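Trainee: When you get a sec, could you give me coordinates for this:
(4 chains)
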2 protein chains.
Amino acid sequence: MSRSALYLQIFDILVERISKGVWRPGRALPNEIELAREFSVSVGTIRKALDKLEADRVISRLQGKGSFVLDHNSEKLTFRFSKIVDENGSRVGEGPTTMLTQKIALAKPDERRCLALRDHDEIVRTRRLRHHVGRPCRYETSCLAMARLGITSLEEVGDYLIVPLAQKRGVHLARASEKLTVAAAPVDVAALLHTEPGKMLLKLDRLIFGLDGDPVEWRVALCDLRNEYYAAQMQ
Amino acid sequence: MSRSALYLQIFDILVERISKGVWRPGRALPNEIELAREFSVSVGTIRKALDKLEADRVISRLQGKGSFVLDHNSEKLTFRFSKIVDENGSRVGEGPTTMLTQKIALAKPDERRCLALRDHDEIVRTRRLRHHVGRPCRYETSCLAMARLGITSLEEVGDYLIVPLAQKRGVHLARASEKLTVAAAPVDVAALLHTEPGKMLLKLDRLIFGLDGDPVEWRVALCDLRNEYYAAQMQ
DNA sequence: GCGAATTTGTGCGTATGTATT
DNA sequence: TAATACATACGCACAAATTCG
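Mentor: Down below sits the predicted model:
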């Protein structure tokens, strides 16, 4: 026997095809019967693979219509790892940004540790400021594992949003793990956020992982909350 | 036709039986073939119902052994809505408690709103202090929707943990939604937490829902974090 | 407006694989 | 080794939603 269940092997093949752009975001996959024929398996096996693709947010299925590759440029998916909302429940801090610095560098020890990188791996380190209704509300430092995204130059990155960027590079983001603490604003950050040093901030330390389980981005954000809050969901 | 799929009807029946204690926590359900016989459906239909029970953390299944009712008194499940951990990753703030006040009362407007109660519904309002390695670390105010848990007196509550309490009362908790903000310690809370007024605290405003979608408990906590953090997971 | 074609959703029954006891 | 129970896989039939002529 092979090392894993048939439906999981088919899942892997379908993920790979979608990553490579065989079926593009928003487009329909072949129907279940065609897929079953192609792989010489039963429709039930295809359905279990599609079940998992749906659970992992790679596709959506609509009875009577078909199975569609999800487009992670959509509002809902792009900001699925952004948990800060205002009183109306609308996302905060994903609006206009001010890029402060961005460069390619060798990963420092803590970056290597967080991103599970080797000694000479490179990262894209970005510092920026995010705004909400005209006010600077968040200071961010982020690190991208270049090799994981197949990135070789800064031009491929720019003022990115991680979810659409990952989709463009054929990487499916599966989950994120975030550590929250409270922190006093350092002098330099306070200046950038137009607030006083020592101001209470919410600190977000987030790691995003791909479907393969490897970390892709590490981001630390300092948030100056007004009437906003971090909305966590648990199951 | 009936209003929902067969496997969902069976899911409902199985949940109800487990809630009523027909199969107790830790015990095995009848095997799939027996269940199929009892309900006069195919094994595949039973399996879909069991899939959902497993996804909703009502049972766990072990190949070769059987399907078992989960015991929410276990460490892992009891604290699944407690997200604060220390550097070692172990839970914080679920240790010894100091009960401050506890009483049955008519729900106030904000409590009615949060818990989706009617005008004359009663709640159990509890204020307490939680400790970690001897230090007071968290001040909590919680509200229990009495009717939802079938509670009629304070003796049935006491210094409760919500997950085991809900299991005891035959309610399956499905999910929680929590709002996080930073807050300055009020004078009275600062005294209780042995810290200075104005100290930066993490404020947790949490609502827990049952499998039926109804809110069961509303809790607001003020946390004095040392080397601890709130660990959020996202998918 | 309606019916036919298409596609996913639900359900049945059976056979075989794999882990546990 | 044998019995038991869940996991995987196959194939078929029909229901329900969508689309289109």
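Trainee: What residues of the strand or helix carrying A:Ala231 count as buried?
Mentor: Here A:Ala231 sits within strand A:229-234, counting by DSSP states H and E. Residues of strand A:229-234 classed as buried under the neighbour-count rule (16 or more other Cβ atoms under 10 Å in any protein chain shown) are A:Tyr229, A:Tyr230, A:Ala231, A:Ala232, A:Met234. Every C-beta, even on glycine, is put in place using the N, C-alpha and C of the backbone.
Trainee: what do you get for stretch A:9-17?
Mentor: Under the neighbour-count rule (16+ other Cβ under 10 Å), stretch A:9-17 has A:Gln9, A:Ile10, A:Phe11, A:Leu14, A:Val15 buried.
Trainee: what about it and chain B, touching?
Mentor: No. In this structure, stretch A:9-17 remains apart from chain B according to Cβ under 8 Å from any Cβ of the partner chain; the gap is never smaller than 15.9 Å.
Trainee: same check, this time on stretch A:129-146
Mentor: No. For stretch A:129-146, no contact with chain B is found by Cβ under 8 Å from any Cβ; the gap never falls below 13.2 Å.
Trainee: So what's the gap between that stretch and the chain middle?
Mentor: 15 Å (Cα atoms, centre = their mean, to the nearest Å).
Trainee: Enumerate the residues of chain A near DNA strand D.
Mentor: Counting by Cβ under 7 Å from any atom of the strand, the residues of chain A close to DNA strand D are A:5-8, A:40-45, A:48, A:62-65.
Trainee: which neighbours does the strand holding A:Ala231 have in its sheet, and in what orientation?
Mentor: Strand A:229-234 sits in its sheet next to strand A:84-85 (antiparallel), strand B:173-184 (antiparallel), going by DSSP bridges.
Trainee: Which SSE is immediately downstream of the shortest one?
Mentor: Just to be clear, that refers to strand A:84-85. From strand A:84-85 onward toward the C-terminus, using DSSP H and E, the following helix or strand is strand A:97-106.
Trainee: in that following strand, what's buried?
Mentor: Of the residues in strand A:97-106, A:Thr97, A:Gln102 count as buried by neighbour count, 16+ other Cβ under 10 Å.
Trainee: Each with direction, which strands does that strand pair with?
Mentor: Taking DSSP bridges as the criterion, strand A:97-106 sits next to strand A:122-132 (antiparallel) in its sheet.
Trainee: Tell me the secondary structure at the residue most central in space within chain A.
Mentor: With the centre of chain A defined as its mean C-alpha position, the nearest residue by Cα atoms, centre = their mean is A:Val163, 4.0 Å away. In the three-state summary, A:Val163 is assigned as helix, counting by DSSP: H, G, I helix; E, B strand; the rest coil.
Trainee: if I look at it, how far off is A:Gly210?
Mentor: 12 Å (Cβ to Cβ, to the nearest Å).
Trainee: One more: A:Ala49?
Mentor: In this structure, A:Ala49 and A:Gly210 are 19 Å apart, going by Cβ to Cβ.
Trainee: higher neighbour count, those two?
Mentor: It is A:Ala49, of A:Ala49 and A:Gly210, that has more neighbours when counted by other Cβ atoms under 10 Å in any protein chain shown, with 24 against 19.
Trainee: now for the helix or strand containing that one, which elements pack on it?
Mentor: In the assignment (DSSP H and E), A:Ala49 maps to helix A:43-55. Packed against helix A:43-55 by the contact rule (3 or more Cβ pairs under 8 Å, 6 or more residues apart in numbering or on different chains; DSSP states H and E) you find helix A:6-19, helix A:32-39, strand A:59-62, strand A:66-69.
Trainee: hmm, the first one touching DNA strand C?
Mentor: No. Under the criterion of Cβ under 7 Å from any atom of the strand, helix A:6-19 makes no contact with DNA strand C; the nearest approach is 10.4 Å.
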